[in-house]
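Enquirer: A structural model of the following input is requested.
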Amino acid sequence: MCETRAVLGLLCETDPRWAVAAANDVGRILVDHAHCEMKAASNALALSTRCVDFPNVLDGLVALAEEELTHFRQVLAELRRRNLALGPPEEDWYAAELRRRSSKARERHDKAEFVITDRLVVGALIEARSCERFKLLRDYLKDQDPSLSAFYGELLASEARHYRTFLDMALEVSGDAAYVEQRHQAIAQIEESVVRSLSSAPTIHG
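Expert: Just a heads-up that it's a prediction; the model follows:
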C-alpha cells in the first residue's frame, strides 16, 4: 500500500487512466470540482442540523462548510481566469452510491448517533479520495500545466485535514472508538468497490 493510501485509509488506488482523462479535459474537471465544493459545503451544513446536541461537532461542520465555500470561490476564480463558464453540475454517482451502500449495510439503525457517525465516516472517505485525486492531478499536470498543478497542490492538504476532522467528529458523536474503526473499515471496503466500478471519466469522482 502506498503512503498516501495508508495515511488516508483508502484500500485501492485510482485507475491511472483517470489522471490522463482529467489532464486532457481540465475544463470539465474544474467545472465538476466547483460543484463538488458547493455540494461539500451544503452537505456539511445539512449534517450540522443533526448535530445540535454536539456543540463541538456543530462548530466543526460550520467551519468545514465555510472552508468549502472558500475553495468554491477559488475554483470559480480559476474558471474565470481560463474564460470557462461554470455550467450545470454532473451527477456525482460515486458519492451518492457510497452513501446509499453504506446506509444499506449499516447494522444499527435505531439511534441517531449511529446514523450521524456513518455520515461522518462517509464524509471522511470522500475527502480522502478527493485528496488522493488532487495529488494525482498535481503530479500529472506538473509539466503540462504548472499553475493548475500548484493549485491542486495547495488544496490537497486541506482535503487530508478534512478526512481527519470528519473521523474526529465521528468519534465525538459515537463515543466509541471501536465502533468508529469498525465502520471506517466496513465503509472503506464499500468505497473500494465503488471506485473499482468507476469509468475514469474526467470528473473529480469519475
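Enquirer: Show the average pLDDT along the host helix or strand of residue 194.
Expert: Taking DSSP states H and E as the definition, residue 194 sits inside helix 177-196. Per-region confidence: helix 177-196 scores 96 on mean pLDDT.
Enquirer: Return the distance of it from the chain's centre.
Expert: Offset of helix 177-196 from its chain centre (C-alpha atoms, centre = their mean, to the nearest Å): 14 Å.
Enquirer: now do stretch 11-24
Expert: 16 Å.
Enquirer: That one: end-to-end distance?
Expert: One end of stretch 11-24 sits 27 Å from the other (C-alpha to C-alpha, to the nearest Å).
Enquirer: so where's the protein shaky on pLDDT?
Expert: For the chain, applying pLDDT under 70 flags the ranges 1-7, 107-110.
Enquirer: can you pull out the helices in it?
Expert: Per DSSP state H, the chain carries helices over the ranges 3-8, 16-23, 26-48, 55-81, 93-105, 112-140, 146-174, 177-196.
Enquirer: can you tell which of those helices is closest to residue 206?
Expert: helix 16-23 (6.7 Å; C-beta to C-beta). Backbone N, C-alpha and C define where each C-beta goes, glycine included.
Enquirer: Counting neighbours, which bits of that closest one end up buried?
Expert: 18, 19, 21, 22, 23 (16 or more other C-beta atoms under 10 Å).
Enquirer: Just the angle for that helix relative to helix 177-196, thanks.
Expert: Going by axes from the mean of the first three to the mean of the last three C-alpha atoms, to 10 degrees, helix 16-23 is angled at 70 degrees with respect to helix 177-196.
Enquirer: begin at 47 from here
Expert: In the new count, where the first residue is 47, that last one comes out as helix 62-69.
Enquirer: For helix 62-69, which helices and strands make contact with it?
Expert: Here helix 62-69 touches helix 158-186, going by 3 or more C-beta pairs under 8 Å, 6 or more residues apart in numbering; DSSP states H and E.
Enquirer: The helix it packs on versus helix 192-220: what angle between them?
Expert: Helix 158-186 and helix 192-220 are oriented at 160 degrees to each other (the same axes, to 10 degrees).
Enquirer: Near the closest residue to residue 82 other than its chain neighbours, how many residues? Count them for me, please.
Expert: Leaving aside its sequence neighbours, residue 82 sits nearest to residue 250 (C-beta to C-beta, 6 or more residues apart in numbering; 5.0 Å). Neighbourhood size, residue 250 [other C-beta atoms under 10 Å]: 27.
Enquirer: show me the contacts for residue 250.
Expert: Under the criterion of C-beta atoms under 8 Å, 6 or more residues apart in numbering, the neighbours of residue 250 are 75, 78, 79, 82, 176, 179.
Enquirer: Ok, residue 212 next?
Expert: Listed by C-beta under 8 Å, 6+ apart, the contact partners of residue 212 are 166, 167, 169, 170, 173.
Enquirer: For the residues you listed, pick the one with the most neighbours.
Expert: Ranked by the number of neighbours (other C-beta under 10 Å), the contacts of residue 212 place residue 167 first, at 28 neighbours.
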